[in-house]
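J.: Pasting the sequence and the predicted coordinates here, then a few questions.
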Number of protein chains: 4
Amino acid sequence: MTHHVTSMLETHPRGVDALDKEKLAACIAACFECAATCTACADACLGEDMVADLVRCIRLNADCADVCAATGAVLSRQTERNLDLTRAIVEACRRACKACGDECATHGDMHEHCRICADACRRCEQACTDLLSSLG
Amino acid sequence: MTHHVTSMLETHPRGVDALDKEKLAACIAACFECAATCTACADACLGEDMVADLVRCIRLNADCADVCAATGAVLSRQTERNLDLTRAIVEACRRACKACGDECATHGDMHEHCRICADACRRCEQACTDLLSSLG
Amino acid sequence: MTHHVTSMLETHPRGVDALDKEKLAACIAACFECAATCTACADACLGEDMVADLVRCIRLNADCADVCAATGAVLSRQTERNLDLTRAIVEACRRACKACGDECATHGDMHEHCRICADACRRCEQACTDLLSSLG
Amino acid sequence: MTHHVTSMLETHPRGVDALDKEKLAACIAACFECAATCTACADACLGEDMVADLVRCIRLNADCADVCAATGAVLSRQTERNLDLTRAIVEACRRACKACGDECATHGDMHEHCRICADACRRCEQACTDLLSSLG
């Protein structure tokens, strides 16, 4: 997905030179991939016989999916960007990914979908951290 | 909308006693109303002859709609709530509403949809501020 | 919520005269309210001790919330409207509301949140049906 | 993105054998990629000096992004799937992609972001058509 995102950033009429384009593209792609993976993980958890033990995981998956999708959309908008809002939403996304990744990791040995989802959350958490530090 | 939201919070099996239920319901309702209003304002601005002068408004409307919708959803989830994420997303929402409300207010004399949208943003910004201070 | 939605439709620069404004406003408001209620119902179901018996309800709540939110947004956009897409998305929304409302209704005696959610789904299903017949 | 989506479908506890897994994965990935691309294209159009000529494009981008995101989420849920709703939302998505792809294609010579977006819309339209025919 990073390739598509980078292509779109490179064709933006106003340019994205004020930001680190590579870190921005990585974060947008990670957000949309994490949102998709969390949506799928919530549903897979819901389909498990032991669903009662996965309630916290399903709940954090749902939050992480919503926050990642909103963050990916905000970051995709580079016309009249607002750095104050950018920092705040990326920080919220970093925390959502941390919480969901930690929870999914505890079920990773038993459920492969949680292991894959924990990886997607970790990647997105790192991409948010990297983007935040580049924003200064 | 607050009435519907309050009814749902009151029937939640785990209760919401740890939070100020009235402020929580007000903030959820304000988030969803602001998201709906910003989506409509972006489209109304897009339909104006002077669309070129409303680019910043349309862009902030889009962000505000996405962040408010995600925040309303996160706040609606009271099973295994995560206060750290709650604070971060409500703070991001407060900033999105502030930015969009400020921009819409500058067009409020000329465009009634911007005036109504500025009001929705102000209400949501205040509801976020009130909820944040009740969270401690 | 209908009042807010109607105000925004009335201030739209291109007008909405080609459509039945009252039915359109009712449908937009019903979509956003149903989305909010389904998000809350999914979470309330997830918090019940008998969550394993509510898997189908949670799953349909999630779909209904997503489809209603998308439909409310599409209907809110009246600049360069596309009637072909409008009909298709309102039809999908009607089916999502029917499926979710039917399921929630089966748990309405036991769970008040499901009873309230079944009502929201019925209202939105009816609003979709009414709008579809006015579209011809 | 298809690789990630396929991995999640393969680990689903209830299996997806009733559907054509390859077509399903392709459609989910195409939906999320098209949603991301349309969000970026709307913003790039908004940043062009000739924004007044791109109003229809921005509007269809916004609808297509919302409908694709909802469709990707519905298709990702395979616990207690509902084929009636699946068909209706994929059909709505196919029409949104057709409308947006047709519009973006008319600006593809002038704006590279519209050319890339038209491609993403075509791929998603085709993936929807393929999935619909496999559903019978």
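T.: Here it is on my side, so go on.
J.: Need the pLDDT of the residue in chain A sticking out farthest from the centre.
T.: Distance from the C-alpha centroid of chain A, by Cα atoms, centre = their mean, peaks at A:D49 (27.6 Å). Residue-level confidence at A:D49 comes out at 96, pLDDT.
J.: Let's verify it: helix, strand, or coil?
T.: At A:D49 the chain is in coil, as set by DSSP: H, G, I helix; E, B strand; the rest coil.
J.: now A:G15
T.: A:G15 - assigned by three-state DSSP - is coil.
J.: how about the residue farthest from the centre of chain A, phi and psi?
T.: phi -60, psi -30 (degrees, to the nearest 10).
J.: all strands of chain A, in order?
T.: Taking DSSP state E, chain A contains no strands at all.
J.: Quick one: find the helix or strand in it with the lowest mean pLDDT.
T.: One helix or strand of chain A scores below all others by mean pLDDT, DSSP states H and E: helix A:2-10, with a mean of 92.
J.: Dump that one to PDB, restricted to CA.
T.: Output of helix A:2-10 as PDB, limited to C-alpha atoms (Å, rounded to 0.1, in the frame of the first residue of the first chain):
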ATOM      1  CA  THR A   2       3.000   2.400   0.700                       C
ATOM      2  CA  HIS A   3       3.700   2.500  -3.100                       C
ATOM      3  CA  HIS A   4       0.100   3.800  -3.900                       C
ATOM      4  CA  VAL A   5       0.200   6.300  -1.100                       C
ATOM      5  CA  THR A   6       3.600   7.600  -2.100                       C
ATOM      6  CA  SER A   7       2.400   8.000  -5.700                       C
ATOM      7  CA  MET A   8      -0.500  10.100  -4.500                       C
ATOM      8  CA  LEU A   9       1.700  12.300  -2.300                       C
ATOM      9  CA  GLU A  10       4.100  12.900  -5.200                       C
END
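J.: Okay, buried residues for that helix please.
T.: Using 16 or more other Cβ atoms under 10 Å in any protein chain shown as the burial criterion, the residues of helix A:2-10 that qualify are A:T2, A:H4, A:V5, A:T6, A:S7, A:M8, A:L9. (Glycine included, C-beta is placed from N, CA and C.)
J.: Return the residues in contact with the residue farthest from the centre of chain A.
T.: If you count contacts by Cβ atoms under 8 Å, 6 or more residues apart in numbering or on different chains, A:D49 has them with C:A52, D:P13.
J.: Please report the distance of A:L60 from chain B.
T.: 7 Å (Cβ to the nearest Cβ, to the nearest Å).
J.: residues in contact with the closest residue to that residue other than its chain neighbours?
T.: Among residues not flanking A:L60 along the chain, A:C100 sits closest, at 4.2 Å (Cβ to Cβ, 6 or more residues apart in numbering or on different chains). Counting by Cβ under 8 Å, 6+ apart, A:C100 makes contact with A:C38, A:C57, A:L60, A:N61, A:D63, A:C64, A:C117, A:C121.
J.: Show me the shaky parts of chain A.
T.: Of all residues in chain A, none has pLDDT under 70.
J.: where does it come near chain B, residue by residue?
T.: Counting by Cβ under 8 Å from any Cβ of the partner chain, chain A comes close to chain B at A:55-56, A:59-60, A:62-63, A:66-67, A:69-70, A:73-74, A:77, A:79-80, A:82, A:84-85, A:88-89, A:91-92, A:95-96, A:99.
J.: Quick check: the nearest residue to A:R77 once chain neighbours are set aside vs chain C, distance?
T.: Take A:R77 and drop its neighbours on the chain: the residue closest to it by Cβ to Cβ, 6+ apart is D:D43, 4.3 Å away. Here the criterion is Cβ to the nearest Cβ. By it, D:D43 lies 16 Å from chain C.
J.: Next, the contact list for D:D43, please.
T.: So D:D43 contacts A:H12, A:S76, A:R77, A:Q78, A:T79, B:R59, B:A62 (Cβ under 8 Å, 6+ apart).
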